[in-house]
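Undergrad: Predicted model follows, preceded by the sequence.
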Amino acid sequence: MAQSVTLILTSNVQFSDIETSLKGKFDTSITTDPMGKVIVVVAERDRFGVAVSYVHVSEAPREFALEDYQTNEFINAAFLADLNGHVFYDMTFNDRRLFDAVLEQLLLHSGTNLKRTWIDNDYGVVLPASVVFEPGDGDWKTQRLKDD
């Protein structure tokens, strides 16, 4: 079953930086959906060349993301204060192990400022990207962020 998160990177990161940081490390390709949205596809293939695991990365509409976060009273105040300096990317995946590897690659090699990078875990929680690298059970997707 597919899952998704929103990766919120600093505004210096362009879509081409996403593609560049993944090429060479993963089996990547570029495709366009029927609505014209460009998607970077990372895949793991079986011995017949069929993609069995995937991560799709695409730009999220900025206006929708801004409105969604600005009208959510439960969003972390530190995130809201820095919201305009970010770009938004949707990540859809069907394999958590592959997703974790792609996410780590993007966080470390896309050029984003890790201290100002966030992840919307798709459960109504926006977390600092640093949680990906924290020790523990590794399931940051279900964490709740305390507003300090």
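TA: That came through fine. Fair warning: this is a prediction, and the values are worked out from it, not measured in the lab.
Undergrad: For this structure, just list every one of the helices.
TA: Here the chain has its helices, by DSSP state H, at 15-22, 62-70, 77-81, 96-109.
Undergrad: can you pull the contacts of the residue of the chain most remote from its centre?
TA: Distance from the C-alpha centroid of the chain peaks at F48, with 28.8 Å (CA atoms, centre = their mean). Applying CB atoms under 8 Å, 6 or more residues apart in numbering to F48 gives no contacts. Bear in mind the C-beta positions are built from the backbone N, C-alpha and C, glycine included.
Undergrad: for L83, same thing?
TA: Applying CB under 8 Å, 6+ apart to L83 gives the contacts L66, Y69, Q70.
Undergrad: now the residues you listed as CSV including distance to G85 and pLDDT?
TA: Formatted as CSV, the contacts of L83 follow (distance: CB to CB, whole Å; pLDDT from 0 to 100):
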residue, distance to G85, pLDDT
L66, 12, 82
Y69, 13, 84
Q70, 14, 83
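Undergrad: Give me the buried entries from the residues you listed.
TA: Those of these that meet the buried threshold are Y69, by 16 or more other CB atoms under 10 Å.
Undergrad: Redo the contacts of L83 as TSV? Include distance to W118.
TA: Conversion of the contacts of L83 to TSV gives the following (distance: CB to CB, whole Å):
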residue	distance to W118
L66	13
Y69	10
Q70	14
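Undergrad: R62 against F88, yeah?
TA: Yes: in terms of CB atoms under 8 Å, R62 counts as a neighbour of F88; the distance is 6.2 Å.
Undergrad: higher neighbour count, these two?
TA: More crowded of R62 and F88, by other CB atoms under 10 Å: F88, with 21 against 13.
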